[in-house]
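In: need a 3D model of the sequence below.
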Amino acid sequence: MLHPKNLFIRTILSLAVLGVCLVPLSSSAQDDPILKAIDKYLSTVHTKKFYQIMPEEMNNQMKVRPNLIIIDVRKPDEIKKLGKLPGAMLIRLNSLSKNLDKIPKKDAAIIIYCKGGARGTMAAGFLGILGYTNVKNMKGGFTAWTKAGYKVEK
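Out: Numbers count the residues shown, from 1 in each chain. Predicted coordinates:
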């Protein structure tokens with residue numbers, strides 16, 4: 001299993017490679033908005049506190065922050081089979097870019113989760129690149145949440 005810091009670094013590098021692949025061959029890399037956004041984001045990664053939140057802290061935040069945005073990026077069949085966190089918004093990872101209107105405030109408190117953490121980390125990194133400033137991924141995902149015995153909606 002990868003250390004969370006290594007997983008985060010691999011995710012960011014994957015997003016950067018994806019951004020480079022999306023650049024049209026005729027455009028200048030210096031002028032490309034995707035690469036500029038990635039560069040800007042990566043230059044602030046070490047100073048941001050976006051990384052991860054533990055399930056215990058997530059449970060506490062849900063009790064005291066009524067405007068907390070919780071995003072589940074799992075597939076519908078996973079959610080149907082296992083349930084979801086109370087109040088979670090369901091936006092699959094592969095449709096996140098099409099649903100940004102559901103999270104319009106870039107400074108909103110956002111916590112993302114998936115089954116185990118990998119997809120949540122990718123989603124948090126993607127939102128960070130887009131300028132969202134208060135994004136966290138729940139460490140261990142839904143598996144850690146249920147293992148800790150916290151409430152689940154079916």
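In: quick one: Ile103 and Ile112 touch, right?
Out: No. At 10.1 Å, Ile103 does not count as touching Ile112 under the criterion of CB atoms under 8 Å. No exception for glycine: its C-beta is placed from N, CA and C like everyone else's.
In: joint contacts of these two?
Out: Ile71, Leu127 (CB atoms under 8 Å, 6 or more residues apart in numbering).
In: neighbour count winner among these two?
Out: Ile112 (30 against 18; other CB atoms under 10 Å).
In: beta partners for that one?
Out: Counting by DSSP bridges, Ile112 is bridged to Ile71, Asn137.
In: Met58 is in contact with that one, correct?
Out: No. Contact criterion CB under 8 Å: Ile112 and Met58 do not qualify, at 10.5 Å.
In: got the contact list for Leu96?
Out: Leu96 touches Val73, Ala123, Phe126, Leu127, counting by CB under 8 Å, 6+ apart.
In: show me the shaky parts of this structure.
Out: Applying pLDDT under 70 to the chain flags the ranges 1-30, 41-50.
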